[in-house]
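> just to be clear, the model below is a prediction. Sequence and coordinates:
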Amino acid sequence: MAKNRSDSKFPKAIKPVAPIAKRLAVTWLIWLVYRLLGLPIFISIFNPSSPDIIGGIVWQALWLVPALILTPWILRGRSPYALLISSMFTLVYLGASGVVLFTRIYGSSWAEIAVYLIDFVWLLAINVWLFILLKRLPSMNNVVKTPRSR
């Protein structure tokens with residue numbers, strides 16, 4: 001009869017955190033630059049109405065205020081609580097990006113759809129790296145605190 005690996009006497013292998021934190025930080029920074037500069041520039045180029053690039057950058061900067069606040073936590077990649085909050089915000093960004101992509105499918109050019117698809121894929125990658133990193137970080141529940149001396 002086969003034994004369950006969790007019942008074995010071997011300790012659970014600890015997976016490294018640093019490579020995932022580095023991938024997350026790089027992906028995050030690429031997405032921020034793409035969202036802040038790339039998206040407005042490409043939309044201005046590919047959209048027939050040629051919207052204002054500066055207005056698009058200002059709009060994206062306002063939209064990215066929560067992401068910019070989360071950036072130090074994402075770049076450090078050490079605090080499970082901060083990364084959990086970051087994950088919630090990036091899921092909101094992912095949902096909003098998916099809705100924009102879905103609405104642009106009807107009536108936009110293929111190039112414009114590709115611009116929004118790239119944004120969606122970057123956000124999906126960020127969320128995947130966040131989930132993997134959160135799984136690899138030490139548990140938030142099993143923290144042993146030393147008692148205070150009186």
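Right, received. Where do you want to start? Residues are numbered from 1 along each chain as shown.
> now the helices: where do they sit in this structure?
Under the criterion DSSP state H, the chain carries helices at the ranges 18-33, 39-46, 53-63, 65-76, 80-105, 110-136.
> tell me which of the ones you listed sits nearest to residue 147.
helix 80-105 (22.4 Å; Cβ to Cβ). (Each C-beta comes from the backbone N, C-alpha and C, glycine too.)
> how far away from the center of its chain is that closest one?
8 Å (Cα atoms, centre = their mean, to the nearest Å).
> how about stretch 44-58?
Between the centre of stretch 44-58 and the centre of its host chain there is 25 Å, according to Cα atoms, centre = their mean.
> with stretch 40-50 instead?
Chain-centre distance of stretch 40-50: 25 Å, with Cα atoms, centre = their mean.
> quick one: mean pLDDT over it.
Here stretch 40-50 scores 92 as its mean pLDDT.
> repeat for stretch 27-36
The average pLDDT within stretch 27-36 is 97.
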